[in-house]
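Enquirer: here's a sequence, model it:
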Amino acid sequence: MDLENTDKLPKVKEEILINRLDSLSKQRADHFYTKLSSKYSDSKYNVSFKTSIRMRADSAFHALITFARIPIYNVMVTPDTLTMVDKRNNCFMIENMEYLKTTFGVDFKHKNIEELVLGLPIAWDKDTEYQQIKDPYNYVVSSLSKRRIRRQDSEEEVIIRYFLSEDTESLKKVIIDSPKDTTTITVNYYGREMVSGFSIPLEGNINVETPRDTLFVDFQYNKTSVNDPRVLYLSIPNKYEKCE
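Expert: The predicted model follows:
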């Protein structure tokens, strides 16, 4: 899906856009549940699957991934640890959060995964000196100026650009560049719905470009509920061994 704006937008002051993103970053529900219908592809795989997601803010993220209604992976992410139970191969793994960067070239923290699923500004830091990027067709705020981005000699580890919707009320896209790792992550959100006072995406996609591969996943939200506490639980059967 490509809904890029082709009409020039009215000018909005940089301060207003930055304050809007800061406000959006704070709209974090205490509890969140949804079911995602997804398609994933890379150089080796092209699969469709469903994911049941349960989250408790700043505490734990649980995902049950199923294929053809059969549970395949059971995953729990906390601020320190990623635990995955592989039900196909009867094995499990327990890693620190560096595992994501080592495996996928994506340096995501627990909090960033929450932000990604909730459609919030990823890795927003109120103490960063953000700047508006001049673009007549988009409202863009960047952690670096356009001039420094073009120079490509910045010592910054990560450059993040946030794209606001045409009414500036919600986030529509995030581009994360890591020059050090030569990795680019693009996250798009399409459509929103209000659920218990929170603006939740209807669908979106993620494109990850690394030196080794390009990963793509799209997702649609179903049966979403907010601040309806649910049990987050993961058990490892005694017969399971560590995944190789």
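
Enquirer: please count neighbours and contacts with C-alpha atoms only from this point.
Expert: Noted.

Enquirer: report the central residue of this structure.
Expert: With distances taken as Cα atoms, centre = their mean, the chain has residue 116 as the residue nearest its mean C-alpha position (2.4 Å).

Enquirer: right, and that residue touches residue 122 too?
Expert: Yes - under the contact definition of Cα atoms under 8 Å, residue 116 touches residue 122, with a separation of 6.4 Å.

Enquirer: contact partners for the residue nearest to the centre of the chain?
Expert: residue 122 (Cα atoms under 8 Å, 6 or more residues apart in numbering).

Enquirer: how close does it sit to residue 174?
Expert: In this structure, residue 116 and residue 174 are separated by 10 Å, where distance is defined by Cα to Cα, to the nearest Å.

Enquirer: quick check: neighbours shared by those two?
Expert: In the contact map built from Cα under 8 Å, 6+ apart, the residues linked to both residue 116 and residue 174 are residue 122.

Enquirer: what helices and strands are in contact with the longest helix along the chain?
Expert: Scanning the chain for the helix with the most residues, using DSSP state H, yields helix 14-25. For helix 14-25, the helices and strands in contact under the criterion 3 or more Cα pairs under 8 Å, 6 or more residues apart in numbering; DSSP states H and E are strand 131-133, strand 139-142.

Enquirer: ok, the first one: who's next to it in the sheet?
Expert: When you say that, I think you mean strand 131-133. On the basis of DSSP bridges, the sheet neighbours of strand 131-133 come out as strand 139-142 (antiparallel).

Enquirer: next one: the partner strand to chain centre, how far?
Expert: A distance of 18 Å separates the centroid of the chain from that of strand 139-142, by Cα atoms, centre = their mean, to the nearest Å.

Enquirer: ok, stretch 190-204 next?
Expert: Taking Cα atoms, centre = their mean, the mean C-alpha location of stretch 190-204 is offset from the chain mean by 14 Å.

Enquirer: wasn't residue 208 part of a helix?
Expert: No - with the criterion set as DSSP: H, G, I helix; E, B strand; the rest coil, the secondary structure at residue 208 is strand rather than a helix.

Enquirer: need the pLDDT of it.
Expert: pLDDT for residue 208: 93.

Enquirer: likewise for the one 5 residues further on?
Expert: According to the per-residue confidence, residue 213 scores 92 in pLDDT.

Enquirer: just residue 1 next, same as before
Expert: According to the per-residue confidence, residue 1 scores 55 in pLDDT.

Enquirer: same thing with residue 69?
Expert: In this model, residue 69 is scored at 88, pLDDT.

Enquirer: where does the prediction get shaky in this protein?
Expert: Per-residue confidence for the chain (pLDDT under 70) gives these ranges: 1-5, 104-106, 145-156.
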